[in-house]
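>>> after the sequence you'll find the predicted model.
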Amino acid sequence: LIYIERLVKMSGGALAPRANNWRSVLFSCMVLASKVWDDLSMWNCDFSKIGPSGVIFSLARTNELEVALLHALEYRVKVNASEYAKYYFLLRGMLCRSGLANDDLT
């Protein structure tokens, strides 16, 4: 979510998720987030093999999306603790208010 919002802001809305691109935007942001967060992240060839039924990103497309996202974000991929906490508690609050949270979150 952090990378998606950064993408929208930095592109002035030109790269916002839309009906025809939301899967590519979400997938590329999740790949990037995994690589930034995990010390030993999966390789792009592994990412290209996962996905819901009917949604497949080839290795070439995965590489292309990652490079395009990095360029669009101007390689600003660091997420500081306060920004992470802001999004965490925002999403946690939304989940609790929706009634979908289990007892561990409330």
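Arrived safely, thanks for sending.

>>> biggest helix in the chain by residues?
Scanning the chain for the longest helix, with DSSP state H as the assignment, gives helix 81-98.

>>> and stretch 30-48, how far apart are its ends?
Distance across stretch 30-48, first residue to last, is 12 Å (CA to CA, to the nearest Å).

>>> can you give me the buried ones in that stretch?
Under the neighbour-count criterion of 16 or more other CB atoms under 10 Å, stretch 30-48 has 31, 32, 33, 44, 47, 48 buried. C-beta coordinates here come from the backbone N, C-alpha and C atoms, glycine included.

>>> what of stretch 2-20?
3, 4, 6, 7, 15.

>>> could you do stretch 66-83 as well?
For stretch 66-83, by 16+ other CB under 10 Å, it's 66, 69, 72, 73.

>>> just the closest of the residues you listed to residue 100, please.
Proximity of those to residue 100, judged by CB to CB, is greatest for residue 69, which lies at 29.2 Å.

>>> right, and the closest one touches residue 10 too?
No. Judged on CB atoms under 8 Å, residue 69 makes no contact with residue 10 at a distance of 10.6 Å.

>>> how about the nearest residue to residue 29, chain neighbours excluded?
Leaving aside its sequence neighbours, residue 29 sits nearest to residue 3 (CB to CB, 6 or more residues apart in numbering; 4.1 Å).

>>> distance check, residue 92 against residue 85.
From residue 92 across to residue 85, the span is 10 Å (CB to CB, to the nearest Å).

>>> sec struct for residue 36, please.
The three-state label given to residue 36 by DSSP: H, G, I helix; E, B strand; the rest coil is helix.

>>> going forward, the N-terminal residue is numbered 762.
In the new count, where the first residue is 762, that last one comes out as residue 797.

>>> can you give me the mean pLDDT across the host helix or strand of residue 831?
Here residue 831, judged by DSSP states H and E, is contained in helix 820-833. On average, the pLDDT along helix 820-833 is 94.

>>> so where's the chain uncertain?
812-814, 864-867 (pLDDT under 70).

>>> at 90 instead, please
Applying pLDDT under 90 to the chain flags the ranges 798-819, 856-867.
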